[in-house]
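In: below are the sequence and a predicted model for it; my questions follow.
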Amino acid sequence: MRYLLFSFICFLSITQSSFAQGQIVDKIIGVVGAEVILLSDVEEQFALMAAQSGPQEPEVRCMVLDNLLAQKLLLNQAKLDSLVITDDEVETQLATRIDRILAYMNGDIDQFEQYYGQSINEVKAQFREDLRGQILVERMQGQINSSVTVTPMEVKQFFAEIPKDSLPYFSSEVEIGEIVIKPEVNSDERNKALTKLQGLRNQIVMEGADFAELAKKNSDDPGSGRAGGDLGWQKRGTFVPEFEAAAFNLKPNEISEVIESEYGFHLIQQLERRGNSVHARHILIKSKITEADNQKAVAKLDSVRQLILVDSMSFSVAVKRFSSEKSQSYNNDGRIVNPNTGNTYFETSQLEPDIYFTIDTMDVGSVSAPFLTAMPGADAAYSIIQLQSRTSPHVASLKQDYNKIQTAALEQKRGLYLSGWVEDKVDATFIQVDDRYNTCPTIEKWRK
């Protein structure tokens, strides 16, 4: 049994699809412990599959519900086991996925808001808890499967059971490591940003200027700036610590002093607070990165590259010592993960153009010169990359593709183990499914 974990982009696609179809009349059609499944959950995912792959047979709804029941069972158990997901984890993934969607739209915020019918902050607010649940499900699934391993003998047996005419054909693939450095703002530009925001604060506090109008004209936060800086109602844990401490400690309509965070300088006005939720607005002024700042980052990366090339430092050590902790590869020893597969292998056609043309003439083990790249929360960042492996197109073989075959064998074994775990938990968990799904053969196991 294999359970699908829909991505945040799919959540957004579902939302856009449901807006187009009109509101679904809702009701609870499933209960798993303390978790509920709505009719709209099934219908929206069914509509998404139809939008992506064409018309679907009605029985596909049975598969969708089966998948949702499994996810809710995992989520219910994660909460019973008190698995912890930090607010920083949620916000980092939320920002990364929003940035990925914006990248598809060439950074056009107007296109994003027109497509989804909401501002970026409204989208984040709507899907923050959905994403937290998704991360919990993934964490629970990972914990269940953490003890599952495969031996070399099991890998060989798995490969031997694949019919020879069904062996996969692998295109040329590469593995890439990266070291990312974000340019640091120089003191002059930092002081300019600080002085500008202090001036805006004086206009509001001393001269009675309108906060919203100044936010529209000056804020460097494109999501809230056009709304007069309004961030809407947000729960505790949504903002970075410096911002949150100020927003929650203000009195209604009070204006903060200038607050500094990793994003720049903020001027905050609390509009209203209800317990652990706050309605605030802000003006963000970012310090400008100069060409000199960029060149210092490039020079630093070039020095790191030379250390690696002369064997004074391994690439792995250089990642931990110099790469930005905000980069997605930092905790993976610098290796870039393919978002389509979850592993570190990329077909060359899947690479971003700047990376593709950078590695095109590189030898395995060599390190590129620094080049401009993108990183969530940064206007610009610079990278060097190492080509760590490259394969030619070929039919799968144990000798050349052992790691991939091992991964496939492990996933199959994990799927079987998870199926057994689900069967055990079904017997120990309160579960109800609406009678309209009585004819679904995949749902029978949930009625024990």
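Out: Everything's here; your move.
In: ok, and the closest non-adjacent residue to Val123?
Out: Take Val123 and drop its neighbours on the chain: the residue closest to it by Cβ to Cβ, 6 or more residues apart in numbering is Tyr116, 5.8 Å away. Where you see a C-beta, it was placed from the backbone N, CA and C, and this is true even at glycine.
In: gap between the one you found and Glu122?
Out: Tyr116 is 9 Å from Glu122, where distance means Cβ to Cβ, to the nearest Å.
In: equivalent analysis for Gln406, please.
Out: 44 Å.
In: which one of those two has more residues nearby?
Out: Gln406 (20 against 16; other Cβ atoms under 10 Å).
In: quick one: mean pLDDT for the helix or strand containing the more buried one?
Out: Per DSSP states H and E: Gln406 is located in helix 398-428. Helix 398-428 carries an average pLDDT of 92.
In: list the buried residues for the helix or strand following it?
Out: Using DSSP H and E, the helix or strand that follows helix 398-428 in sequence is strand 431-433. Along strand 431-433, these residues count as buried under the neighbour rule (16 or more other Cβ atoms under 10 Å): Ile431, Val433.
In: elements contacting strand 431-433?
Out: strand 28-32, helix 60-80 (3 or more Cβ pairs under 8 Å, 6 or more residues apart in numbering; DSSP states H and E).
In: need those in a markdown table with distance to His282, mean pLDDT and mean neighbour count, can you?
Out: Shown next, in a markdown table, are the helices and strands packed on strand 431-433 (distance: least, Cβ to Cβ, whole Å; pLDDT from 0 to 100; neighbours: other Cβ atoms under 10 Å):
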| stretch | distance to His282 | mean pLDDT | mean neighbour count |
| --- | --- | --- | --- |
| strand 28-32 | 38 | 95 | 20 |
| helix 60-80 | 33 | 95 | 21 |
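In: any chance of those in TSV, plus distance to Glu254?
Out: Output for the helices and strands packed on strand 431-433, formatted as TSV (distance: least, Cβ to Cβ, whole Å):
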stretch	distance to Glu254
strand 28-32	42
helix 60-80	37
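In: and the residue nearest in space to the middle of the chain, what element?
Out: Centroid-nearest residue in the chain: Gln93, 3.3 Å away (criterion: Cα atoms, centre = their mean). Secondary structure from DSSP H and E places Gln93 in helix 87-104.
In: give me the mean pLDDT for that helix.
Out: 81.
In: Thr195: neighbour count?
Out: Every residue meeting other Cβ under 10 Å relative to Thr195 is counted, giving 13.
In: what helix or strand is it located in?
Out: Thr195 belongs to helix 187-205, assigned by DSSP H and E.
In: so for that helix, mean pLDDT?
Out: Averaged across helix 187-205, the pLDDT comes to 96.
In: now stretch 201-217: buried residues?
Out: Neighbour-count burial for stretch 201-217 [16+ other Cβ under 10 Å]: Arg201, Ile204, Phe211, Ala212, Leu214, Ala215, Lys216.
In: among these, which are in strands?
Out: Per DSSP state E, strands hold no members of the buried residues of stretch 201-217.
In: can you add distance to Ser392 and give those back as a markdown table?
Out: Formatted as a markdown table, these follow (distance: Cβ to Cβ, whole Å):
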| residue | distance to Ser392 |
| --- | --- |
| Arg201 | 62 |
| Ile204 | 64 |
| Phe211 | 61 |
| Ala212 | 60 |
| Leu214 | 59 |
| Ala215 | 56 |
| Lys216 | 56 |
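In: so what are the domain limits for this protein?
Out: According to automatic domain parsing, the chain comprises the domains 8-148+414-447, 169-184+290-395, 187-285.
In: of all those, which one is nearest Ala160?
Out: domain 169-184+290-395 (15.0 Å; Cβ to Cβ).
In: was I right to think Asp220 contacts His266?
Out: No: with contacts counted by Cβ atoms under 8 Å, Asp220 stays clear of His266, the gap being 10.1 Å.
In: shared neighbours, those two?
Out: Leu284 (Cβ atoms under 8 Å, 6 or more residues apart in numbering).
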